[in-house]
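[1] With the sequence up front, the predicted model follows.
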Amino acid sequence: MKCPYCQTDNDKVIDSRSGEDGYATRRRRHCLSCDKRFTTYERVAELDIRVVKKDDSREIFQPEKIRNGIERACWKRPIATSEVARVIAEVIEGVQQCGNSEIESQEIGAMIMDRLIELDDVAYIRFASVYRQFKDINDFVQGVQPILSRNKIELQRAKNETPTQSKPR
Ligand SMILES: [Zn+2]
């Protein structure tokens with residue numbers, strides 16, 4: 001690493017530790033040429049995944065968009081911040097670990113909706129209405145179907161189950 005003081009590439013790492021968030025390694029270096037000390041940070045390079053949109057155009061995957069979409073859907077809902085953070089992290093990881101250089105935006109949307117439906121009905125509907133671009137009441141009714149049918153199944157299951165049985169999930 002070139003020294004920022006004397007531009008010589010002759011240094012020794014004197015300390016190496018993980019950054020607060022675990023995403024960076026901080027290295028303290030000692031320039032053997034001018035005797036000054038400086039710090040470098042090492043990070044994992046952003047993975048270059050492209051998102052294929054409905055119109056077949058592509059854009060670079062931006063984790064921020066997932067974060068914003070999920071946070072907006074969960075806004076002011078009674079969901080623990082840690083739960084929202086977990087869903088965001090799971091979806092971002094899911095995209096990054098899909099193993100392809102391209103992923104369909106629909107696939108990402110489905111990953112988010114699968115998790116939101118488990119978390120909160122209103123958050124799910126909010127996300128679905130933006131993501132699926134509900135145009136009228138029919139779209140909305142269609143959008144709530146997964147929740148209605150799930151609630152029906154759960155009601156039936158509750159009727160059949162003994163009270164001692166623990167809740168699934
Ligand atoms: Zn130096």
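    Ah, there it is.
[2] use CA for all of it now, contacts and neighbours both
    Fine.
[3] any weak-confidence spans in this structure?
    The chain contains residues with pLDDT under 70 at 19-23, 44-47, 162-169.
[4] Close to the ion: what parts of it are there?
    When proximity is defined as C-alpha under 5 Å from the ion, the chain approaches the ion at Cys3, Cys6, Cys31, Cys34.
[5] what about Arg37, distance to Cys3?
    Distance of Arg37 to Cys3, computed by C-alpha to C-alpha, to the nearest Å: 8 Å.
[6] These two: which is more packed in?
    Neighbour totals were compared for Arg37 and Cys3, and Cys3 leads with 21 against 17 (other C-alpha atoms under 10 Å).
[7] isn't the more buried one right next to Asp35, touching?
    No. Using C-alpha atoms under 8 Å, Cys3 is not in contact with Asp35; the gap is 9.9 Å.
[8] Helices along the protein, start to end?
    Secondary structure of the chain (DSSP state H): helices at 63-74, 81-96, 105-119, 121-131, 137-160.
[9] In CSV: those, plus mean neighbour count.
    As requested, the helices of the chain are exported to CSV (neighbours: other C-alpha atoms under 10 Å):
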stretch, mean neighbour count
helix 63-74, 17
helix 81-96, 16
helix 105-119, 17
helix 121-131, 19
helix 137-160, 13
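[10] Export those helices as a markdown table, with columns for distance to Lys12.
    Below are the helices of the chain laid out as a markdown table (distance: least, C-alpha to C-alpha, whole Å):
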| stretch | distance to Lys12 |
| --- | --- |
| helix 63-74 | 35 |
| helix 81-96 | 34 |
| helix 105-119 | 44 |
| helix 121-131 | 51 |
| helix 137-160 | 59 |
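[11] Could you check those and tell me which one is nearest Asn10?
    Judged by C-alpha to C-alpha, the one of those that comes nearest to Asn10 is helix 81-96, at 36.2 Å.
[12] counting contacts, what elements does the closest one pack onto?
    If contacts are counted by 3 or more C-alpha pairs under 8 Å, 6 or more residues apart in numbering; DSSP states H and E, helix 81-96 sits against helix 63-74, helix 105-119.
[13] Compare these and give me the one nearest Asn138.
    Among the helices and strands packed on helix 81-96, helix 105-119 comes nearest to Asn138, with 19.0 Å by C-alpha to C-alpha.
[14] which of the residues of the chain next to the ion count as buried?
    Among the residues of the chain next to the ion, those classed as buried by 16 or more other C-alpha atoms under 10 Å are Cys3, Cys31.
[15] now, among the residues of the chain next to the ion, which is nearest to Asn100?
    Cys3 (38.2 Å).
[16] and stretch 145-160, how far from the chain's centre?
    28 Å (C-alpha atoms, centre = their mean, to the nearest Å).
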